[in-house]
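1. Pasting a predicted model and its sequence here:
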Amino acid sequence: LNYSYDSKHLFTFTYRADGSDKFGSGNRFGFFPSAAYSWVVVDNKYTANESAFNFAKLRLSYGATGNDRISSHRYLARLENTYYDGELGASPSSQANENLKWETTYQYNLGVDFGFFNDAITASIDVYKKETKDLLMPIPIPGRTGYSNQWQNIGRVDNQGIEFQISSKNFNKGNLKWNTDFNIASNQNKIVKLGNVDFIPVTVPGGWIQDVGRLTVGRSIGEAYGYDFDGVYQVDDFTWQNGSDSSIPHGERTYTLKNDVVAVNGVNVSPGSHKFKDLNGDNIINLDDDRKHISRSNPILFGGLTNSFKYKKFDLNVFLQGSYGNEIFNEAKYRYGDYGDRNATGTLASSYYVEDASFLRLQSISVGYTLDSDLLDKVNLNNARIYVTANNIYTWTKYTGFDPELDSGDKLMSGVDRITYPRS
């Protein structure tokens, strides 16, 4: 439903119902309303007013959207393949949940649009907040139930941020035109609630280091969780046979860690093993007391810049994009690092594998030529343009992996690099 009053006050109302076979019969449908209002405060684009400030519009909106992006029939009990004495069979994996329902995001938005110099410069600013409730997640459950997990609606995650974009007609004289488009945005993500628990471990199966993340109330999604890397163990941290006889070759020594050196619980370390900071001061590294959040997958800022040029029949388009502040847990360092990385403590998640993934990329350059209409008329064509485009040209980054702009495919831990294939 759309309504306009005096061409200045614009109202929009929608109401939708969506159905999905991924939920039980009692929760199959979700209902999602939305409303928007905009007020054209200034509009001098079609008047003789010579003011530099020619257009302004205020926008307000609220809406709810649903998410059912999980595999079908997740509300039903599921089995998985299991081998018994070498024979393939099936065992329970996911417990049924008839109460499973739509995940819902409620979004509030405030925006302002501007126009200057008869729209030679246009800009917009948007501030938003999203509240996502009834998150759809597979939750570990006690083994005594006979199942390993159950899909549930738990918790709440908030996102809030600001977006700014500006477009300008920099030059338009004779046969030469130059336009610029720039946008930048920032988003903050926060876990507000996780049901009845304060955290949920995040494992990414199939790699060399699997226990890499944790969802924690008050933190953001996509943070790695592990030990704080503190260099490597040195030969002087150990004693060995015959009163540490230096004439004994390293390969024949039986190393014993000195009492005043931090040990790793349950691991026999040796020179070259990764060493971690003792966070609780008990002189031993253990799973419960000496790990912390060590990375963030989400950037602090991200944006892009496009410059378009046109001279007579020729055109040139240059596009740059980048992000700042995101980090990647580069597990590929374990696989392709020095031999010393593949040691007794190398498979433990730590800040050693965390790298700054900020980047600026020359994403594309396109050069084109529009053919003359006189020539096209002879072959019954209205328009034709010949162009050459180059993509992914150069990336400025400190990240040592193939590509700092990656997505592991795991929504809970997107910033994990397991030798991601580089983009073409």
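-> Noted; the coordinates are in hand. Numbering: from 1, shown residues only.

2. alpha carbons only for contacts and neighbour counts from here, please
-> OK.

3. And D377, its phi and psi?
-> The phi/psi pair for D377 (degrees, to the nearest 10) reads phi -60, psi -30.

4. Next one: it from K313, what distance?
-> The gap separating D377 from K313 is 17 Å, by CA to CA, to the nearest Å.

5. same thing with K193?
-> To K313, K193 is 58 Å away according to CA to CA.

6. Could you look up the SS state of D236?
-> Put simply, D236 is helix when judged by DSSP: H, G, I helix; E, B strand; the rest coil.

7. all strands of the stretch 301-424 of the chain, in order?
-> Per DSSP state E, counting those that start in this stretch, the stretch 301-424 of the chain carries strands over the ranges 301-311, 314-324, 327-330, 354-356, 359-370, 385-397, 416-417.

8. So which of those strands has the densest surroundings on average?
-> By mean neighbour count, with neighbours taken as mean count of other CA atoms under 10 Å, strand 327-330 ranks first of the strands of the stretch 301-424 of the chain at a mean of 27.

9. So which of K193 and K313 has more stuff around it?
-> Higher neighbour count among K193 and K313: K193, with 20 against 12, using other CA atoms under 10 Å.

10. Identify the bridge partners of E80.
-> As for beta bridges, E80 partners with S91 under DSSP bridges.

11. Longest strand in the chain, please.
-> strand 149-173 (DSSP state E).

12. Surely I419 and T400 touch.
-> No - counting by CA atoms under 8 Å, I419 does not reach T400; the two are 11.0 Å apart.

13. Of these two, give the one with the bigger neighbour count.
-> Counted by other CA under 10 Å, I419 and T400 do not tie: I419 has more neighbours, with 16 against 13.

14. can you tell me which residues contact that one?
-> Going by CA atoms under 8 Å, 6 or more residues apart in numbering, I419 touches 331-332, 401-402.

15. Where do the helices of this protein begin and end?
-> Using DSSP state H, the helices of the chain run over 241-244, 332-336, 373-377.

16. Distance from the chain centre to the last one, please.
-> I take that to be helix 373-377. Taking CA atoms, centre = their mean, to the nearest Å, one finds helix 373-377 lying 48 Å from the centre of the chain it belongs to.

17. Now do the same for it: mean pLDDT, whole number.
-> For helix 373-377, mean pLDDT is 79.

18. what do you get for the first one?
-> The pLDDT scores in helix 241-244 average 94.

19. Over to the second one?
-> For helix 332-336, the mean pLDDT works out to 80.

20. Return it as CSV; C-alpha atoms alone will do.
-> This file holds the C-alpha atoms of helix 332-336, laid out as CSV (Å, rounded to 0.1, in the frame of the first residue of the first chain):
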residue,chain,number,x,y,z
ALA,A,332,47.1,-22.6,5.9
LYS,A,333,50.2,-21.4,7.8
TYR,A,334,50.1,-24.8,9.6
ARG,A,335,49.9,-26.8,6.4
TYR,A,336,52.5,-24.8,4.4
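
21. Please point out which parts of it sit buried.
-> By neighbour count with 16 or more other CA atoms under 10 Å, helix 332-336 contains the buried residues 332-334.

22. Reformat these as JSON lines; add distance to E223.
-> Listed next are these as JSON lines, based on distance: CA to CA, whole Å:
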{"residue": "A332", "distance to E223": "18"}
{"residue": "K333", "distance to E223": "18"}
{"residue": "Y334", "distance to E223": "19"}
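
23. Any stretches of this protein with poor pLDDT?
-> Scanning the chain for pLDDT under 70 picks out 45-50, 207, 337-342.

24. try 80 this time
-> Scanning the chain for pLDDT under 80 picks out the ranges 44-51, 205-207, 335-343, 374, 376-378, 407-409, 420-424.

25. doesn't K310 make contact with L176?
-> Yes - here L176 reaches K310: they are 5.7 Å apart, a contact under CA under 8 Å.

26. Go through the strands of the stretch 301-424 of the chain and name the closest to I294.
-> strand 354-356 (7.4 Å; CA to CA).

27. strand partners of that closest one, parallel vs antiparallel please.
-> If you go by DSSP bridges, strand 354-356 pairs up with strand 327-330 (antiparallel).
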